[in-house]
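# below is the sequence, then the predicted model.
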Amino acid sequence: MSKLVLFTKDKCVYCHILKEKLEEWEMQYEILNNHPLPDGHKTYPQLYYKGKDVQKGPSTDVTASKLLDVMEHILSLIHISEPTRP
């Protein structure tokens with residue numbers, strides 16, 4: 001499975017919470033710390049997959065199920081099947 005990309009910044013409580021969720025869900029991700037945000041976003045964290053925003057709102061609202069749904073949708077648009085549900 002391709003990695004997610006997590007945009008974070010130092011001393012960000014919400015970034016830490018989202019990292020913990022991703023680890024709990026055993027998702028592979030790359031961290032871009034203190035990196036400029038894509039697509040005009042102004043707040044951290046931001047979560048991307050294959051260049052697309054998969055967070056779609058507050059990071060506290062992200063669930064494993066919602067995340068997998070969005071990832072599967074992105075893959076269906078580019079005709080690749082990667083993520084599998086446990």
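Yep, that arrived.
# does L47 count as helix, strand or coil?
Recorded secondary structure, L47: strand (DSSP: H, G, I helix; E, B strand; the rest coil).
# which residues touch it?
Residues counted as contacts of L47 (C-beta atoms under 8 Å, 6 or more residues apart in numbering) are L4, V5, L6, F7, L18, Y29, D53, V54, Q55, S59, V62, L67. Yep, even glycine has a C-beta here, placed from its N, CA and C like the rest.
# and with 6 Å instead?
L47 makes contact with L4, L6, V54, Q55, according to C-beta atoms under 6 Å, 6 or more residues apart in numbering.
# okay, the residue nearest to it when sequence neighbours are not counted and K19: tell me how far apart.
Excluding the flanking residues, the one nearest L47 by C-beta to C-beta, 6 or more residues apart in numbering is Q55, at 4.2 Å. Distance check for Q55 against K19: by C-beta to C-beta, to the nearest Å, it reads 13 Å.
# of those two, which one has the most company?
Q55 (21 against 17; other C-beta atoms under 10 Å).
# so what pLDDT did that one get?
Predicted confidence (pLDDT) for Q55: 91.
# surely it is in a strand?
No: counting by three-state DSSP, Q55 falls outside a strand, being coil.
# buried ones in the lengthiest helix in the chain?
If you go by DSSP state H, the chain has its longest helix at helix 64-77. Neighbour counts over helix 64-77 (16 or more other C-beta atoms under 10 Å) mark L67, L68, V70, M71, I74, L75 as buried.
# repeat that for stretch 6-21.
L6, F7, T8, C12, C15, L18, K19, K21.
# which ones among those residues are found in strands?
L6, F7, T8 (DSSP state E).
# wait, which of the residues you listed is closest to K42?
Among those, F7 lies closest to K42 (C-beta to C-beta), at 11.5 Å.
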